[in-house]
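Visitor: sequence plus predicted model, see below.
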Amino acid sequence: MKRWLPFLLLAAASLQGAAAAPPPPPAPTPEPYFARLAAEFKPIGTARFIGGTDEAETLAGFQAGGGVEKFFPSADQAPSLILGEVAAVEGQPFTKSRQLTVAAKPKVYWDAQFRLPSRAAAKKGESLLLVFWARGKKAPQIVDDGAGAALQAYVRARIGNLPKNRASNFYDCKMLTEKWERHYIKTGPLPQDFPAGTLELVGMVGHKEQAVEIGGLAWMAFPEGAALDQMPKRSWDYAGRAPDAPWRREAQRRIESCRKGPLAIEVVDAAGKPVPGAAVAVRMKQHAFHFGTAISVAAFAGKQRGMTPEDVASYKEISSRHYNAIVLENELKWTYFEGGRQDGWRETKGCLQFYHGQGKRIRGHVLVWPTVHRLPKALKEKVTAEPGRLGEMVRNHIIEEVSAFKPWIHDWDVTNETDVNRDFMDTLGPEAMAGWYRTARAAAPEAMLTFNEPAFGPAGMEIGSFPERLLTSQCRGWVDYLIQQGAPLDALGAQAHGAPVGKEFAGKTGPEGLWAYFDHLAERYGKKLQYTELDVAIGDSTDPDQLAYQADLLRDSMTVAFAHPAFIAITQWGFWEGAHHAPSAALWTRDWQLKPNGKAYLDLVFKQWWTKADLTTSAEGRCTLRAFYGDYEIRATAGGKEQTVTCRFAPGTAAPVRLRLD
């Protein structure tokens with residue numbers, strides 16, 4: 001026993017010490033606001049807070065900077081975004097907020113942004129929900145778009161292969177008022193594990209000079225198998241969505257006036273005498289208005305990842321059958337142009353020849369994307385070494401590209417996204433842009449030349465990145481300047497990603513506001529208008545509410561444009577989920593099922609706005625109907641005799657279409 005006593009005493013001492021040691025500190029308890037959120041969203045699942053354990057810690061994690069390649073401004077560059085301190089808030093469900101101030105609008109809106117990296121890991125299969133409150137006030141604008149402050153926020157993945165590195169919808173730009181409102185950003189199940197710091201909330205606020213305040217920000221992760229149907233849903237309504245909204249009657253009246261006319265038909269016999277009682281079948285074949293889509297040459301050539309020969313056939317067949325105009329999504333951009341030089345742009349030309357042979361109108365996108373970052377790598381290095389050669393390089397490129405594709409291109413985007421790309425103008429001066437239009441006109445005298453912008457409204461369609469020091473009441477921006485310089489500009493293009501219906505312009509909301517703005521553009525500039533990249537992306541393609549919203553918004557955006565006489569084209573930026581920059585915006589699913597937005601498109605273009613009629617000639621051998629402008633096949637039959645003719649019915653057509661039954 002004596003031999004074991006030291007060990008027993010030592011063990012007893014150890015037990016006594018263990019009993020006397022203080023207990024480990026308790027796990028941090030979420031503050032009341034976070035606790036309330038956890039309880040509120042408990043029906044989804046058990047939430048983990050991965051952006052911070054409380055309001056103060058989460059808001060303190062904000063980092064301010066510019067775009068991806070220049071996150072932190074250089075020492076001699078004034079920051080585009082000023083972050084205020086975390087401050088107390090009273091009278092709201094939350095207790096902390098942080099103000100973001102854009103004192104001077106940056107060159108590009110993403111050069112004023114904040115980022116909030118995840119503080120904890122997110123696991124494969126988890127779904128994310130970010131809840132925050134926001135309000136904002138804009139500074140007086142030189143040219144006012146009628147909208148308030150703006151915040152465009154999304155979740156970005158810094159690792160993995162998510163499309164565009166986006167884990168959530170990128171196009172949901174939130175229009176803010178001076179009143180606190182609650183907002184959400186959410187994702188579906190994550191495709192992989194994301195260690196701490198590899199997901200980040202990105203908020204872009206450089207759309208205008210403004211002050212934006214964010215409070216009550218919480219970043220939650222819910223486990224795999226969470227009840228995603230319990231996720232909060234935003235209101236998917238917009239101004240004018242109601243089926244009986246008064247603007248719809250006005251739209252119908254306008255369409256009847258500007259898109260249709262009296263199509264007269266005359267049937268005669270071999271002697272030229274009228275044939276009464278002849279049966280006349282009027283069949284529309286193609287609209288005069290341009291309903292277009294973006295085409296991927298990779299998909300057309302069957303080189304898109306995962307495509308089968310059947311997919312290639314469906315891609316060609318559907319794009320040919322349902323659209324009368326196309327634009328190549330990428331292959332006419334300068335980088336792709338240089339890349340295709342070695343084989344003489346074989347695949348690009350083959351694609352253009354195919355659609356041109358089917359009578360499609362083809363738009364060229366784009367001659368000058370005026371930023372060094374969009375140049376081919378070799379040319380970027382050359383310009384960096386010899387900036388004085390930039391002007392010559394741009395002129396030569398315009399001439400070469402227009403000449404290479406001249407047989408097929410009817411319409412060129414001469415410039416693109418000057419609102420967020422202006423390196424070339426900063427280097428060469430504003431007069432350089434007018435020169436690009438003159439060069440394009442000289443190289444392609446018959447082509448329509450378009451000024452294409454990303455933003456819908458004055459900031460994009462009129463101003464772009466025009467130097468503010470030159471803005472006056474007589475020169476509102478690039479379009480005024482180009483016209484004053486005598487540049488051959490034919491059309492103004494708005495990309496319209498997300499669709500513009502529902503936004504506010506000049507104190508008017510919805511379609512009426514858009515018509516007022518279209519009237520202003522047409523009267524001030526006298527140019528044609530077109531949507532060049534229309535699409536409506538949504539966050540969840542399985543949500544019936546979002547699918548219905550998407551279909552209605554596409555339908556109404558098209559209707560408002562089609563009802564204005566200045567519009568000549570509506571081009572969607574893709575149609576198939578298997579080859580689309582924003583797959584949720586596609587009209588056909590990956591396996592070629594037509595979605596609700598696709599049904600809305602086909603119903604408008606090929607039913608409501610389509611002419612098909614069976615008539616009988618009068619005693620004078622004539623019949624008349626109001627028909628949509630476009631290409632027609634007309635057949636007349638009487639007494640066992642028949643004739644079929646094709647014709648183009650255009651505004652101002654007065655002479656009747658004559659069919660002779662020999």
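Guide: Sure, I can see it. Predicted, not measured: the structure shown is a model, and the values here were computed from it.

Visitor: what helix or strand is the closest residue to Asp543 other than its chain neighbours on?
Guide: Counting by CB to CB, 6 or more residues apart in numbering, Asp543 lies nearest to Lys233, which is 7.6 Å off, once chain neighbours are set aside. In short, each C-beta sits where N, CA and C put it, glycine included. Assessed by DSSP states H and E, Lys233 sits outside every helix and strand.

Visitor: neighbours of Gly526, just the number please.
Guide: Residues contacting Gly526 under the criterion other CB atoms under 10 Å number 9.

Visitor: so where do the strands sit in the stretch 351-500 of the chain?
Guide: For the stretch 351-500 of the chain, strands defined by DSSP state E, counting those that start in this stretch occupy the ranges 361-368, 411-416, 448-453, 491-494.

Visitor: for Ser586, what are its contacts?
Guide: In this structure residue 586 is Ala, not Ser. The neighbourhood of Ala586, defined by CB atoms under 8 Å, 6 or more residues apart in numbering, consists of Gly574, Phe575, Trp576, Glu577, His580, Lys595.

Visitor: look up how far Val536 lies from the fifth one.
Guide: Separation of His580 from Val536 (CB to CB, to the nearest Å): 12 Å.

Visitor: same check on the fourth one?
Guide: Summarising the geometry, the distance separating Glu577 from Val536, computed by CB to CB, is 14 Å.

Visitor: flag the shaky bits of this structure, pLDDT-wise.
Guide: Residues of the chain that meet the criterion pLDDT under 70 lie in 1-31, 66-79, 141-147, 455-460, 502-507.

Visitor: I figured Ala153 was touching Val212, is that so?
Guide: No: in this structure, Ala153 sits apart from Val212 without contact. The criterion is CB atoms under 8 Å, and the distance is 10.3 Å.

Visitor: which non-adjacent residue is nearest Gly391?
Guide: With CB to CB, 6+ apart as the criterion, Gly391 has its nearest non-adjacent residue at 5.2 Å, and that residue is Leu428.

Visitor: which stretches in the stretch 201-350 of the chain count as strands?
Guide: For the stretch 201-350 of the chain, the strands defined by DSSP E, counting those that start in this stretch occupy 210-222, 260-269, 279-287, 290-295, 325-328.

Visitor: with distance to Lys382 and mean neighbour count added, can I get those in CSV?
Guide: Shown next, in CSV, are the strands of the stretch 201-350 of the chain (distance: least, CB to CB, whole Å; neighbours: other CB atoms under 10 Å):
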stretch, distance to Lys382, mean neighbour count
strand 210-222, 39, 24
strand 260-269, 53, 20
strand 279-287, 45, 17
strand 290-295, 30, 24
strand 325-328, 25, 24
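
Visitor: tell me which of these sits nearest to Thr415.
Guide: Evaluated over these, closeness to Thr415 peaks at strand 325-328, with 15.1 Å, by CB to CB.

Visitor: contact partners of that closest one?
Guide: 290-295, 297, 319, 348, 351-352, 355, 360-365, 532, 569, 571.

Visitor: quick one: residues contacting Glu417.
Guide: Trp369, Asn452, Glu453, Pro454.

Visitor: after the longest helix anywhere in the chain comes which helix or strand?
Guide: Of all segments of type helix in the chain, defined using DSSP state H, the longest is helix 544-562. The C-terminal neighbour of helix 544-562 among helices and strands, as given by DSSP H and E, is strand 567-572.

Visitor: relative orientation of that following strand and strand 448-453 in degrees?
Guide: Angle, strand 567-572 to strand 448-453, by axes from the mean of the first three to the mean of the last three CA atoms, to 10 degrees: 60 degrees.

Visitor: how far does the helix or strand just after strand 567-572 sit from its chain's centre?
Guide: Following strand 567-572 in sequence order, the next helix or strand is helix 596-603 (DSSP H and E). Taking CA atoms, centre = their mean, to the nearest Å, one finds helix 596-603 lying 18 Å from the centre of the chain it belongs to.

Visitor: now do the buried residues in the next helix or strand after helix 596-603.
Guide: The C-terminal neighbour of helix 596-603 among helices and strands, as given by DSSP H and E, is strand 612-616. Under the neighbour-count criterion of 16 or more other CB atoms under 10 Å, strand 612-616 has Ala613, Leu615 buried.

Visitor: and if you look at stretch 221-229?
Guide: Residues of stretch 221-229 classed as buried: Ala221, Phe222, Ala226, Leu228 (neighbour count, 16+ other CB under 10 Å).

Visitor: phi, psi for the nearest residue to the third one once chain neighbours are set aside please.
Guide: Right, Ala226. Using CB to CB, 6+ apart and skipping residues adjacent in sequence, the residue nearest Ala226 is Gly45, 3.7 Å away. Dihedral pair for Gly45: phi 160, psi -180, per degrees, to the nearest 10.

Visitor: what do you get for the one 3 residues further on?
Guide: Dihedral pair for Arg48: phi -110, psi 140, per degrees, to the nearest 10.

Visitor: and it, how many neighbours?
Guide: The criterion is other CB under 10 Å. On that basis, Arg48 has 16 neighbouring residues.

Visitor: please name the nearest non-neighbouring residue to it.
Guide: Setting aside the residues directly before and after it, Arg48 is nearest to Ala221 in space (CB to CB, 6+ apart), at 4.7 Å.

Visitor: for that neighbour, give its distance to Asp54.
Guide: With distances taken as CB to CB, Ala221 is found 16 Å from Asp54.

Visitor: returning to what we had before: can you redo the buried residues of stretch 221-229 as TSV with distance to Val383?
Guide: Supplementary listing: those in TSV, determined by distance: CB to CB, whole Å:
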residue	distance to Val383
Ala221	45
Phe222	48
Ala226	50
Leu228	48
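
Visitor: got the buried residues for stretch 294-308?
Guide: Buried residues in stretch 294-308, counted by 16+ other CB under 10 Å: Ala294, Ile295, Ser296, Val297, Ala298, Ala299, Phe300, Ala301, Gln304, Met307.

Visitor: re the thing from before, just to check, the residue nearest to Asp543 is in contact with Asp545?
Guide: Yes: under the criterion of CB under 8 Å, Lys233 lies in contact with Asp545, with a separation of 6.3 Å.

Visitor: tabulate the buried residues of stretch 294-308 in CSV, adding columns for distance to Asp556.
Guide: CSV is the format used below for these (distance: CB to CB, whole Å):
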residue, distance to Asp556
Ala294, 21
Ile295, 25
Ser296, 27
Val297, 32
Ala298, 32
Ala299, 29
Phe300, 31
Ala301, 35
Gln304, 31
Met307, 33
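
Visitor: which two from those residues end up farthest apart in space?
Guide: With distance counted by CB to CB, no two of the buried residues of stretch 294-308 lie farther apart than Ala294 and Met307, which are 16.6 Å apart.

Visitor: isn't Ala227 right next to Ile44, touching?
Guide: Yes: in this structure, Ala227 is within contact of Ile44 by CB under 8 Å, at 5.3 Å.

Visitor: give me the distance between the residue lying closest to Glu85 once chain neighbours are set aside and Arg36.
Guide: Nearest-residue entry for Glu85: Arg98, 7.3 Å, with adjacent residues in sequence omitted and distances by CB to CB, 6+ apart. In this structure, Arg98 and Arg36 are separated by 20 Å, where distance is defined by CB to CB.
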